[in-house]
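Chemist: the following comprises the amino acid sequence and a computationally predicted model.
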Amino acid sequence: MTEKERNDYFYVCSLIEYTARQTKNRRRVITEALGREGIEKQLHDAEVNHCLSFEQVSDEIIEQYEIPGGDFDTITECKYTVPGFMDIGKLYSIMIEDCAVPGKEVEELLKIFNSFISDEISEFQTDLYYQNPSYLEWSYREGHLLD
């Protein structure tokens with residue numbers, strides 16, 4: 001993966017996280033709404049969209065893809081400091097780079113955001129996000145949280 005591609009995946013993963021928080025949806029709802037074509041479009045546009053606020057781009061995505069509001073709010077009642085959406089986006093982008101077969105990064109992005117690990121990472125009442133990234137990656141690969 002080139003440095004530009006890393007930056008684009010980091011941006012798009014952060015955008016997915018931001019949009020999910022704004023709409024109170026599971027991250028899979030956002031990736032399902034975008035679909036493969038929408039993800040590819042966001043990756044293509046990432047270099048230009050970096051200049052815009054996440055709020056603006058997210059609002060455009062919500063409108064264009066008709067993403068409804070949800071009830072998956074793991075932030076409002078959280079007692080602990082919530083990691084920033086870009087921190088989470090970075091975690092996802094690293095997992096994609098580490099797990100994807102070269103040339104299949106979009107498919108891996110969709111798999112990760114649609115897997116159990118995405119909901120687990122989003123549960124900010126736990127310390128899972130703060131675990132070693134390798135632990136999260138291998139839990140994802142194995143299909144369950146490792147002991």
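Modeler: Okay, I see it.

Chemist: just checking, what packs against the helix or strand that contains residue 55?
Modeler: Using DSSP states H and E, residue 55 maps to helix 54-64. If contacts are counted by 3 or more CB pairs under 8 Å, 6 or more residues apart in numbering; DSSP states H and E, helix 54-64 sits against helix 3-23, helix 27-49. Glycine gets a C-beta too; all of them are placed from N, C-alpha and C.

Chemist: just the ones you listed: most buried one?
Modeler: Mean neighbour counts were taken over the helices and strands packed on helix 54-64 using mean count of other CB atoms under 10 Å, and the top value, a mean of 21, falls to helix 3-23.

Chemist: which other helices and strands contact that helix?
Modeler: By 3+ CB pairs under 8 Å, 6+ apart, helix 3-23 packs against helix 27-49, helix 54-64, helix 85-99, helix 105-113.

Chemist: could I get the ones you listed as CSV with mean pLDDT and distance to residue 144?
Modeler: Putting the helices and strands packed on helix 3-23 into CSV (pLDDT from 0 to 100; distance: least, CB to CB, whole Å) gives the following:
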stretch, mean pLDDT, distance to residue 144
helix 27-49, 97, 17
helix 54-64, 97, 31
helix 85-99, 96, 16
helix 105-113, 98, 15
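
Chemist: for those helices, give me TSV that also has distance to residue 72.
Modeler: Formatted as TSV, the helices and strands packed on helix 3-23 follow (distance: least, CB to CB, whole Å):
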stretch	distance to residue 72
helix 27-49	8
helix 54-64	15
helix 85-99	14
helix 105-113	13
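
Chemist: from residue 142, how far out is the closest residue to residue 67 other than its chain neighbours?
Modeler: Distance criterion CB to CB, 6 or more residues apart in numbering; nearest residue to residue 67, sequence neighbours excluded, is residue 33 at 5.0 Å. Counting by CB to CB, to the nearest Å, the separation of residue 33 from residue 142 is 28 Å.

Chemist: can you check residue 40 too?
Modeler: Residue 40 sits 28 Å away from residue 142, going by CB to CB.
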